[in-house]
Every structure is written in structure tokens, then in C-alpha cells.
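Colleague: give me the fold of what follows.
(chains A and B)
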Amino acid sequence: MARLTFVGGIHPYEGKELTKDKPIKTVLPKGDLVYPVSQHIGAPATPIVAVGDHVLTGQKIAEASGFVSAPVYATVSGTVKAIEPRRLATGGMSNSIIVENDEKYEEVEWPQVKSLEEMTAEEKVAAIREAGVVGMGGAGFPTAVKMAPKEPEKIEYVIANCSECEPYLTSDYRRMIEEPELVLSGLRVAVSIFPNARGILAVEDNKPDAIAKFKELTKDDQNISVKTLQTKYPQGAERMLIYACTGRKINSSMLPADAGCIVDNVDTLCAISRAVVEGKPLMERIVTITGDAVVDPCNYKVRIGTNYRELIDDAGGFVSTPAKIISGGPMMGFAVFDLDVPTTKTASALTCLSEDAVSEMAPSACINCGKCIEVCPGQIVPKTLADAVEHGDEATFLKEYGMECCECGCCSYICPARRQLTQLIKGMRKIQLANKKKK
Amino acid sequence: MSDMMKVSSNPHVRSKVTTSNIMMWVVISLLPAAGYGVYNFGVDALIILLISVASTVLTELIYEKCMHKPVTIGDYSAVVTGLLLGMNLPSTVPWWLPVIGGVFAILVVKMVFGGLGQNFMNPALGARCFLLISFPALMTNFVTDTYTGATPLAALKNGESVTVMDMIIGRTGGTIGETSMIAIVIGACILIMLGIIDLKIPGSYIVSFVIFLCLFGGHGIDPVYISAQLAGGGLMLGAFFMATDYVTSPITNRGKYIYGIFLGVMTGIFRCFGSSAEGVSYAIILGNLLVPLIERYTMPRAFGIRKEAKKA
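Modeller: Numbering: from 1, shown residues only, chains lettered A, B, ... in the order given. Prediction:
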């Protein structure tokens, strides 16, 4: 049964009014484009161009190097200038292909595609894999892998994650308002891959116009339903979304497919549609440039690889020196220390805040209020886990389900003592995951 | 941009609620009951409350200065302790009694165990019980100019009749803050509406206490007796303001119900079968001691984890 919400969660300041009424603006890159070969979860792609090569828009420049991997495409025409490690928005370094833009935007010849009816499910998945589509909500898991579960006939629902619960972000929302047909087309393609699947468009109730549009467009389609979810963070977290839509619960070591579900983000569905219907690779995405430190917050259609600074410049620059710049939204985004990073397949937003109360916030003693437990969507006890981390007590951490944490940040947000609960738990999870890999 | 930006882990925003404004709201919501106490018992009551608050705050300040620790009186938790302690004293006590109580509450019950968040017992109640045992005569002298008889609860225990309406409004003898059920409930409503406390502990406490009275109170289901028991003594103040003390109550949801039921039953036992008419303080302190145990056995199971999977 659909619950349309989940237990726990918070209602942070949404900040969506900054950009929600700003139409998507297309920007063309001016400077060099940077294509990290690791824009997804899994093995980094292998560059297949050399320095000095001329590349065209839509040309594959790095090949997937394994099953869980994704190819990378050039999004402009120009010359390969260098292949070297570059900083990513998430803080790490990745080998990157740097292309000097010749501003001609010469395109490759797009291959002829079969009509949707003629394609088999395998061909559709192959097209998605070839197009380099990854989960564009932030995780970056290769979509083709997701679309090829062990038992495709057991998939009952393909859920379009239209909740966009992260504060400040409006990129998915604008996509739903401006190109609902494209989102639907992607969902229909995804549904058609599975013999017994139905589509669900899961939208939070703070986007009534998107809901109305989808309802209008799907009123004759028995196979796709629109579900209105309660607005609450983190409604868009995969496990929470599945629960809200179907009442099924999965834990962190299960896949959505174990509950008969496949979840795809709005932009990912658009990329699926492009890949399967048009035969075009993933080259662009919608990025929200927002925050109170930006002169003119806006939604942009960006060619992947464009430098963030160009987007900030287009948005009029900064009102004042921002105190904090976050790649993504304020709840789960990564703080960047330098603007000189490229947009990637998973870059949904750049949030620039003029105030940063957090990084110098002094935590005080826990008063045992239990608010972290109330808000935790994973129904774990952040306080106990954080205590365990502070004491280096790995056994307690594992016993009390520390690995079930989805790092949504609700506990840190709500903690009246300002403890860095999420940070502590996240750190220990990283250590545990690394240890697991070693074994 | 040559300067590097500051980075930190997500989330990058925080709610506005902090420890100190929670504590401040607790103080504000105690004011109706404290105010009624002053109205009821006169200036004496006000002086006791002020001495009590001053002694807890000063004790915390001096202790932290002497121990070269960061001063934490800004979180208002010492004010809450002082106010609660004062409200749990009769208005007739000499001025030095709240001073001893305040020093004991902060120094022995709270600071020695590591300060806010580390005490295993509610400091105000710990101090009250300490005073009750050390100075029983002073602590149970409820005779003022206005009220010369026994407290309604004591009268009830002796089989005398009481006026329930007076008890609900608070026109009776007793400690400064406990007499007016209405004023306490008004304060509790503020806290509930702000989401600072919820009804899990007070609700299960009061319900289980009523059930216990019906079964073992010796009066059967007698509405007058039960409402007198509810309105009398420290039950309301205890249930809404002391049993719900974050630090000394269980953090888990199931634990809160168990804790509330335990308090209800213990209060019932103390009141029905004990030698004294009152039992809320001791019940809560006993409950405080069980909190670590209750928490350990009521840790929730994570989302999506099935029972059989727990062993793995």
C-alpha cells in the first residue's frame, strides 16, 4: 500500500522560490571543457582519444571499462588539449580529458535508430549503456546496470523520482514544467524494458503544477499513475520513495529491484529517452545556480564539462563574497573550496550561501532529547552511533545499524546541541566500507 | 578567487532550535505555575524561587570557573534546575534550604558526573529528595497564613474529604509550584505545541497511574478520588516537567512508554501503600536509574531490517 510519506524527516527552509519561476536558460561554454573519466559509481572510463585529436560534439572520448562503468562523450567540438588529473566538485581528483572548444559545435552523424516498437529490451538497455546514462540525481550509478536486474519479470514498478526534496534545487521541477513529455517518454521507455512493470510519477505536493501537467498527460494511460507525496526531506531518498509509493521496505544492502522497483530521477529519464528514442548520448543536464549570494539565481541547460565559474558569471556573479559554495543542495551537497571545477553528469546545482554558520559551529553536550531519532528516516539512533564513533567503538556502531545510514543529514540539522552527527557517522561508514573492500 | 572556501560535511544548514532556546522555553512554560505559586503563597514564595535559581546558576558558574572549564550557564539548564527545585519546596522553608539544595543539585547530581547531559538523575529532584530526607520537618511544613490544614493529598490519605475544584485551580497548601493543575497544564501545552515534549511519557505515566488507582486504590472507579489524586501533589508537575527531562528519560520511543508506565505504577505504589502521601519524586528518581537499562533493550530496528536478519 502506498503511504505517500515515510516516518521521520524534516522540513528545512526550501529556498526554491529563488529559481522555481526562472525558465531554463541554455548556456554555451566559453572556456575549455573538462570531462572527468569518473563521473559515475564504478570503474573509471578509459580515454580513447589522444592529446591533439580533433573531436566532434557527441563523439565518444572515453569508453566504459567494465560492467559497472559508463562512457563519456564530448559535448562540444574542438581539440583535446590535455589528459590530466583535475579536481572534482566532490573534492577528489579524477583523470580528465580537457577539450579546447572551437565554438563551431560540429556534431557527429547521429546513428539511425530503430523505432521503439521494433527494439527488444536488451537493445534498449544497450542503447542506455552506450549513451553513458548514469543516475543524475547525485549517485551516478550506471543506469544500464539498474535496468538489467537478474529477474526483469519481477519488476512491478518503475518509479520516476520527481520529488526533488533537496532544498534550493529546482532543476527537476523546471524540467517537469517545461518538458513533461520528455520525462514521460523516458518513463515509458523504462517501463517497456520490463514485461510486468507499471510507471509511477512520484511528485511532492509542493509542485502542484507539475502534478497537474502529468495528470493531464497520463489521463489516458492506464499503465502510468501520478502519486502525490507529502513534501518532506528526504522524500527523494530511494528507500523512502519506494516505501512512500508502494509500502515496501528495503534496507541498505538490498536493491530496489528486491522490492520489485526501479527508481530513476527526472533528468535520468530524459537521458534515457534521448538515448533510446533519438540515439543520442548523455551530453547535457539542468543545473540550478542558486543561493542568496548569487545576483540572479537561475536554471541552466548546461553542456556537461562546462566550468562552474562560467555559470556563476552568467548568473551575474556574486552579491557579496559567498561564505560557502555547495555542489548540490545544502542538505546532501559537497562544499567546494574552489569554483574551478567542471559540471558533471551528477551536478544538479551550485548553491552559494552568504552565511555559513556551520563550519565553525561548536558542538555542545548531547542532552538526550531524542530529536535525531525522531527525524531519522532510517530509524536508527544517530546519537548512539555518533557516541560509538567518538569512542572508536566499531562493534556498537555495526550492531546498532550504523551501516543503514543514508547520510541525509536530518540528525545534524535538527540537533539542538549542534553535534556533527552526520559527519561522525559518515566518516565511520567510509572506514567500514573501505575495510570491507580490503577483505 | 585566490582564497579557498570553507568546507565542511553535509548538511550545510541547521534548524534554529538550540539547547539554550529549548531550556528557555521550559523556563517560560514553568512561569504560569511559578506565578500562581507566588500569587498563592505570597512574597515568601518569590524569594525562595529567586534564591533557588541564583544558587544553581552561581554554583555552576563558580564550579566551572574553578575547574577552568567552559562556562555553560548560557544554556539556561541551571535556571531550569533552580526553578524546578524552588517550585518543589514549601514557601515556609528558611532561605538557606534552597541554597543547600541548589548546590547539591548542580555540584553533586550534575557537575560531578560531567555536566549537562551526563547526569543520570534529574538534579532538581535529586536535590529535593536529599532535602526531604535531611530536613523532613522543614520540607513538609505546609502551614502558611492562608492554609493551616494538611495538604489535600495527606487529607485524602487520612480519609478526609477534599474539594477537587480547589485542587485543580490550586487554592490549596503544598509546595510552591505544584498546587495549580491548570497553570501546570497551560505550561505543558506550550511545550507540547512547540514540540519540545510530547505526550509519550506524561500520557503513559498518567494513564497507568489512573489504572493502578482503579485496581489497587481501594476506592474502585471513583471519579472524585481519582481526580483528586491527579490534581494533588506533584503528579502534574512531575509528569510534564520532570519525567520529561531529556537527559534522564529514555531516548527511544518504546522506552518512553515503558518509562512512563513504570513511573505510573511506582507512584501508585508509593501513594497507596507507602507511609507518605506523596510519591512522585521517588518514583521519577527510581525511573531515572532504570533509563540506561530501558534504552538498551528498546533500541529500534533500522528501516527495512527484518527480524530474522538481525542475527547476521
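
Colleague: point out where the chain drops to low pLDDT.
Modeller: If you meant another chain, say so; for now it's chain A. Applying pLDDT under 70 to chain A picks out residues A:1-3.

Colleague: actually, chain B is the one I wanted.
Modeller: B:1-3, B:307-312.

Colleague: which bits of the stretch 201-312 of chain B sit near chain A?
Modeller: B:246-249, B:251-253, B:299-305, B:309 (C-beta under 8 Å from any C-beta of the partner chain). In this view, the C-beta of every residue, glycine as well, is placed from N, C-alpha and C.

Colleague: let's see 6 Å
Modeller: Contact residues (C-beta under 6 Å from any C-beta of the partner chain) of the stretch 201-312 of chain B with chain A: B:246-247, B:251, B:300, B:302-305.

Colleague: now, the most widely separated pair of these?
Modeller: B:V247 and B:G304 (31.0 Å; C-beta to C-beta).

Colleague: who in chain A is up against chain B?
Modeller: A:12, A:249-251, A:325-326, A:330-332, A:335, A:337, A:356, A:358-359, A:365-370, A:378-380, A:401, A:404, A:409, A:412-414, A:416-417, A:423.

Colleague: buried residues, stretch B:89-109. List them.
Modeller: B:89-93, B:97-99, B:101-109 (16 or more other C-beta atoms under 10 Å in any protein chain shown).

Colleague: restrict the residues you listed to those near chain A?
Modeller: Applying C-beta under 6 Å from any C-beta to these, none is adjacent to chain A.

Colleague: those residues in helices, which ones?
Modeller: B:97-99, B:101-103 (DSSP state H).

Colleague: what's the neighbour count on the residue in the stretch 51-200 of chain B that chain A sits nearest to?
Modeller: Ranked by C-beta to the nearest C-beta, the top residue of the stretch 51-200 of chain B for proximity to chain A is B:G117, at 3.9 Å. Residues within reach of B:G117, counting by other C-beta atoms under 10 Å in any protein chain shown, total 18.

Colleague: name the SS class of it, please.
Modeller: coil (DSSP: H, G, I helix; E, B strand; the rest coil).

Colleague: and the residue lying closest to it once chain neighbours are set aside, how far is that from B:Y63?
Modeller: Closest residue to B:G117 apart from its sequence neighbours, by C-beta to C-beta, 6 or more residues apart in numbering or on different chains: A:A365 at 3.9 Å. Between A:A365 and B:Y63 the computed distance is 15 Å (C-beta to C-beta, to the nearest Å).

Colleague: now B:G217
Modeller: Applying C-beta to C-beta to B:G217 and B:Y63 gives a distance of 44 Å.

Colleague: same deal with A:V295?
Modeller: 52 Å.

Colleague: ok, now A:S96?
Modeller: Counting by C-beta to C-beta - A:S96 and B:Y63 are separated by 57 Å.

Colleague: who's more crowded, these two?
Modeller: Taking neighbours as other C-beta under 10 Å, A:S96 and B:Y63 compare with A:S96 leading, 26 against 18.

Colleague: counting neighbours, what do you get for B:V162?
Modeller: Neighbours of B:V162 using other C-beta under 10 Å come to 22.

Colleague: dump the residue contacts of A:C415.
Modeller: Contacts for A:C415 were tallied using C-beta atoms under 6 Å, 6 or more residues apart in numbering or on different chains; they are A:372, A:421.

Colleague: so how far is A:L385 from it?
Modeller: 13 Å.

Colleague: just the strands in the stretch 51-200 of chain A please.
Modeller: A:54-55, A:60-63, A:72-73, A:78-87, A:93-101, A:157-162, A:198-204 (DSSP state E, counting those that start in this stretch).

Colleague: the ones in helices among the buried residues of stretch B:89-109: which two are farthest apart?
Modeller: Spatial extent of these (C-beta to C-beta) is set by the pair B:L97 and B:V103 at 11.1 Å.

Colleague: stretch A:288-307: how far from the chain's middle?
Modeller: Computed by C-alpha atoms, centre = their mean, to the nearest Å, the chain-centroid distance of stretch A:288-307 equals 16 Å.

Colleague: what residues does it touch?
Modeller: Taking C-beta under 6 Å, 6+ apart as the rule, stretch A:288-307 contacts A:18-19, A:22, A:24-27, A:29, A:31, A:33-35, A:75, A:168-171, A:174, A:284, A:286-287, A:311, A:315-319, A:322, A:342-343, A:345, A:349-354.

Colleague: same deal with stretch A:26-39?
Modeller: A:44-45, A:62, A:72, A:76, A:86, A:88, A:94-101, A:300-301, A:303, A:305-307, A:310, A:314, A:342, A:344-345.

Colleague: repeat for stretch B:215-233
Modeller: By C-beta under 6 Å, 6+ apart, stretch B:215-233 touches B:152-153, B:156, B:162, B:164, B:167-168, B:181, B:210, B:213-214, B:272, B:278.

Colleague: just stretch B:78-96 next, same as before
Modeller: B:23, B:26-27, B:30, B:34, B:41, B:44-45, B:48-49, B:51-53, B:56-57, B:60, B:98, B:101-102, B:105, B:123-124, B:127-128, B:138, B:141-142, B:175-177.
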